[in-house]
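Asker: Quick one: sequence and predicted model below, then my questions.
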Amino acid sequence: MYNPFENEQGSYIVLINGEKQYSLWPAAIDIPAGWKKVYGPEVKMECVQFIEENWRDMRPKSLRLAIEKVTS
C-alpha cells in the first residue's frame with residue numbers, strides 16, 4: 001500500500017497553522033483548511049530541515065501567550 005507521507009523521494013511542502021505549528025505535507029495533496037504553505041515544494045529532507053530550523057517552540061501560540069500573561 002502506498003503512503004504519500006512516507007515517500008523519501010517525494011515532493012513535500014511545509015505548512016503552518018494559526019497556532020504557529022508546522023506540518024510536513026505531500027505537495028500532491030490539497031492543503032487542509034486552517035493551514036498555509038510556508039516552504040516548498042522540496043524533497044522531504046529539505047522540508048524537515050526547514051521545520052527543525054524554524055519551529056523552536058513546540059507549544060501552540062495560544063498556550064505561549066497564556067503563560068506569558070500569567071507570568072507577567
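Answerer: Thanks, I have it. Numbering: from 1, shown residues only.

Asker: hey, where'd the helices end up in the protein?
Answerer: 44-54, 61-71 (DSSP state H).

Asker: any idea of the mean pLDDT for the first one?
Answerer: Think helix 44-54. Across helix 44-54, the average pLDDT comes to 97.

Asker: Please identify the buried residues of that helix?
Answerer: Buried positions in helix 44-54, judged by neighbour count with 16 or more other CB atoms under 10 Å: Lys44, Cys47, Phe50, Ile51. C-betas here are computed from N, CA, C, even on glycine.

Asker: worst-scoring helix or strand of this protein, pLDDT-wise?
Answerer: Taking mean pLDDT, DSSP states H and E as the measure, the chain has helix 61-71 as its least confident helix or strand, at a mean of 88.

Asker: In that helix, which residues are buried?
Answerer: Buried-residue list, helix 61-71, by 16+ other CB under 10 Å: empty.

Asker: do stretch 27-39 as well
Answerer: Trp35, Tyr39.

Asker: Run through who's touching it.
Answerer: 4, 10-18, 22-23, 25, 40-41, 47, 50 (CB atoms under 8 Å, 6 or more residues apart in numbering).

Asker: Quick one, which of the residues you listed are buried?
Answerer: Judged by 16+ other CB under 10 Å, buried ones among the contacts of stretch 27-39: Tyr12, Ile13, Val14, Leu15, Ile16, Tyr22, Ser23, Trp25, Gly40, Pro41, Cys47, Phe50.
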